[in-house]
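Student: Sequence first, then the predicted structure, then my questions.
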Amino acid sequence: MMASKGARILAYTVRHLYLYKRSLPRLMEVFYWPILDLVVWGFVSIYLSRQEGSLPDFITFFLGALILWDILFRSQQGISVSFLEDVWSRNLLNIFVSPLSPAEYITSLLFLSIVKLLLTSAVMVTLAWLLYSFNIFILGFALIPLVVNLIVMGWSIGIITTALIMRYGQEAEVLAWGIALLFQPVSAVFYPVEVLPGWVRSIALFVPSSHVFEGMREVVAGGGGVPISNIVWAASLNCAYITVSIIFFWWNFKVVKRKGLLAKVGE
Amino acid sequence: MDAIVEVRGLTKLFNGFRAVEDISFDCRKGEILGLIGPNGAGKTTTLQMLLGLTTPTSGVIRIFGLDMDAHRQQILSRVNFSSSYISLPFSLTVRENLMVFARLYGVAAPKKRIEELLAIFEIGALKDTPVRRLSSGQVTRVCLCKALLNAPEVLFLDEPTASLDPDIADKTRKLLKKIKDEQSISILYTSHNMKEMEEMCDRVIFMDKGRVIETGSPDEIKRKYGGADLEDVFIMLARS
């Protein structure tokens, strides 16, 4: 009897969730670093908000941006680090000689990234409220499309990173940790896009997260509403990038198989 | 006997280097077929192509009469693989690991099947132990349990006893032969242990420089080359 697509996707997702039952480093990845970020930058933002001439709603701008940036970062890591888990444990061949198809493999990584994201975000949002009386839900309904766009951008980066690690092996592992950070300066996470030099602004225009963070600031400054223009920009770019990332993964998987690299990924 | 695995004109080039060159062979139902040859002979590349991990440059692979390229998922659900060079997620217990694969392969009554296999490989007591706490021999046995979970019709084994002590290796070989006889599964087997190949295989394919240079039962090959055992013949062929 052949397992259904859904059963295979669930099985592979569960394989990763089992890890969190008894692995401290994995729990740290989900809870420790995000909490540490929140605590450190939360106090920094409180200090800066007390300075004379500071911006109104500084804490909201800063902590809101921090939590949203973490969503992008974790959704990317939910894909590429989960892939690395199988490389490190020399389990990749077991997976790719099983009936799990590459499309099902990617789908389960996307699903897994959402589960991890929900856990991390729940902790961060609760802690921000308890420690700094910051409520992310002041962003209202706009929060949903803003978050969805960040998740999809994280997925695109994660899928491309995974494809590159598959192709170039351990040398490319560093991408799993660093590639999302490359987008941080042009995403205008903690400052408006207008402070960027002209040529960087041109790049930011094509980065979905820059529209998300501009949208977030617009909502905070305007006291509500949905930043339609920013969301449409981000969603359009994300549609293009997620399509490109899937095509890239598909093409790369074929190249990896042609070059016989799948069995050598962990070497 | 029916050919379960059919390989015709299989060739693999890596940047012009011929890793496998125009090989053809069959593996019949209920047969243990050994792939032997010196390092770089093309055994692993052949095995990877049979498992759909590497795309052939040319040639045809049919398993159960189905083309590997077009029916990858269907084929992979009916075969399995184990190697002493792979492992399983370290943080998961033996049972968790096997449960994941049982679900991937759609095994009916997975708990019962896992218990059966753990008992067969004498590692039932380790079922709740994380893989990281197992010896390499124990991990190999868990991998063999994984390879038998879906009651495969074809089993691909790459040096399956390489990390086992002589006692467990002997038990494993006897067990694989018993499973093969009882369930009539076909096994493609690679090993550098010629004594093992002689004991296990109904037929062997000797590969060198990507080509098949000899095929036959261990006895036929020994007779043909006048070797006392398969190791003698291996050395003769590898040095010729």
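Tutor: Arrived safely, thanks for sending.
Student: contacts and neighbour counts: CA atoms only from here.
Tutor: Fine.
Student: The lowest-mean-pLDDT helix or strand in chain A: how far from the chain's middle?
Tutor: Least confident helix or strand of chain A, by mean pLDDT, DSSP states H and E, is helix A:24-27 with a mean of 80. Mean C-alpha position of helix A:24-27 versus that of the full chain (Cα atoms, centre = their mean, to the nearest Å) differs by 18 Å.
Student: That one near chain B at all?
Tutor: No - applying Cα under 8 Å from any Cα of the partner chain, one finds helix A:24-27 out of contact with chain B, separated by at least 10.1 Å.
Student: give me the residue from chain B nearest chain A.
Tutor: Closest to chain A within chain B is B:Gly106: 3.9 Å, counting by Cα to the nearest Cα.
Student: any idea whether that residue is helix, strand or coil?
Tutor: coil (DSSP: H, G, I helix; E, B strand; the rest coil).
Student: and B:Leu117, how many neighbours?
Tutor: When neighbours are defined as other Cα atoms under 10 Å in any protein chain shown, B:Leu117 has 20 of them.
Student: Would you tell me which residues of the stretch 101-250 of chain A are close to chain B?
Tutor: Near chain B, when you scan the stretch 101-250 of chain A using Cα under 8 Å from any Cα, you find A:Ser101.
Student: ok now do the residue nearest the centre of chain B, which residues does it touch?
Tutor: By Cα atoms, centre = their mean, chain B has its centre lying nearest to B:Leu157, at 1.8 Å. Contacts for B:Leu157 (Cα atoms under 8 Å, 6 or more residues apart in numbering or on different chains) come out as B:Phe81, B:Ser82, B:Ser83, B:Ile187, B:Leu188, B:Tyr189, B:Thr190.
Student: One more pass at 7 Å, please.
Tutor: B:Phe81, B:Ser82, B:Ser83, B:Leu188, B:Tyr189, B:Thr190 (Cα atoms under 7 Å, 6 or more residues apart in numbering or on different chains).
Student: What of A:Ala263?
Tutor: A:Ala263 sits in contact with A:Leu93, where contact means Cα under 7 Å, 6+ apart.
Student: redo that, cut-off 8 Å
Tutor: A:Leu92, A:Leu93, B:Leu53.
Student: Is it correct that the first one is in contact with A:Ser82?
Tutor: Spelled out, it's A:Leu92. No - judged on Cα atoms under 8 Å, A:Leu92 makes no contact with A:Ser82 at a distance of 11.1 Å.
Student: In chain A, what residue lies closest to chain B?
Tutor: For chain A, Cα to the nearest Cα, closest residue to chain B: A:Ala3, 3.9 Å.
Student: related to what we said a few turns ago, list just the nearest of the contacts of A:Ala263 to B:Glu199.
Tutor: Nearest to B:Glu199 among the contacts of A:Ala263: A:Leu93, at 27.6 Å, using Cα to Cα.
Student: before we move on, the earlier item: where's the spatially closest residue to the residue of chain B closest to chain A that is not a sequence neighbour, which helix or strand?
Tutor: What sits nearest to B:Gly106 in space, not counting adjacent residues and going by Cα to Cα, 6 or more residues apart in numbering or on different chains, is A:Ala3, at 3.9 Å. A:Ala3 belongs to no helix or strand when assigned by DSSP states H and E.
Student: Could you report the neighbour count for the residue of chain B closest to chain A?
Tutor: 21.
Student: Local confidence estimate at A:Met1?
Tutor: For A:Met1, the pLDDT comes out at 66.
Student: Around chain A, pick out the residues from chain B.
Tutor: B:14, B:45, B:51-57, B:72-74, B:76-77, B:80-82, B:85-92, B:96-97, B:100-101, B:103-108.
Student: Now, those residues that are in helices?
Tutor: B:Thr45, B:Arg72, B:Gln73, B:Gln74, B:Leu76, B:Glu96, B:Asn97, B:Val100, B:Phe101, B:Arg103, B:Leu104 (DSSP state H).
Student: ok, and what's touching stretch B:5-24?
Tutor: Here stretch B:5-24 has contacts from A:259, B:25-28, B:40-42, B:45-46, B:55-65, B:209-212, using Cα under 8 Å, 6+ apart.
Student: On the pLDDT front, check B:Ser84 for me.
Tutor: Taking B:Ser84 on its own, its pLDDT is 85.
Student: where does the chain dip in pLDDT?
Tutor: Picking chain A for this. Along chain A, segments meeting pLDDT under 70 span A:1, A:52-56, A:223-224, A:266-267.
Student: actually chain B
Tutor: Using pLDDT under 70, chain B drops low at B:1.
Student: hey, where'd the helices end up in it?
Tutor: B:43-50, B:72-76, B:94-104, B:110-120, B:136-148, B:166-183, B:194-200, B:218-225, B:230-239.
Student: possible to save these as a markdown table with distance to A:Leu72?
Tutor: Listed next are those as a markdown table, based on distance: least, Cα to Cα, whole Å:
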| stretch | distance to A:Leu72 |
| --- | --- |
| helix B:43-50 | 36 |
| helix B:72-76 | 33 |
| helix B:94-104 | 28 |
| helix B:110-120 | 37 |
| helix B:136-148 | 36 |
| helix B:166-183 | 48 |
| helix B:194-200 | 53 |
| helix B:218-225 | 59 |
| helix B:230-239 | 56 |
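Student: Provide the contact partners of stretch B:166-174 at residue level.
Tutor: B:Phe121, B:Thr161, B:Met200.
Student: mind listing what's buried in it?
Tutor: B:Ile168, B:Ala169, B:Thr172, B:Arg173 (16 or more other Cα atoms under 10 Å in any protein chain shown).
Student: Now A:Asp93: closest residue in space, sequence neighbours ignored.
Tutor: Just to correct that, residue A:93 is Leu rather than Asp. A:Ala263 (6.5 Å).
Student: just checking, B:Met200 touches B:Pro160?
Tutor: No - B:Met200 is beyond contact range of B:Pro160, at 11.9 Å (criterion: Cα under 8 Å).
Student: contacting residues for the nearest residue to A:Val30 once chain neighbours are set aside?
Tutor: Closest residue in space to A:Val30, ignoring its immediate chain neighbours: A:Thr120 at 5.5 Å, by Cα to Cα, 6+ apart. For A:Thr120, the contacting residues are A:Val30, A:Phe31, A:Pro34, by Cα under 8 Å, 6+ apart.
Student: how about 10 Å then?
Tutor: Neighbouring residues of A:Thr120 by Cα atoms under 10 Å, 6 or more residues apart in numbering or on different chains: A:27, A:29-35, A:67, A:70-71, A:74, A:114.
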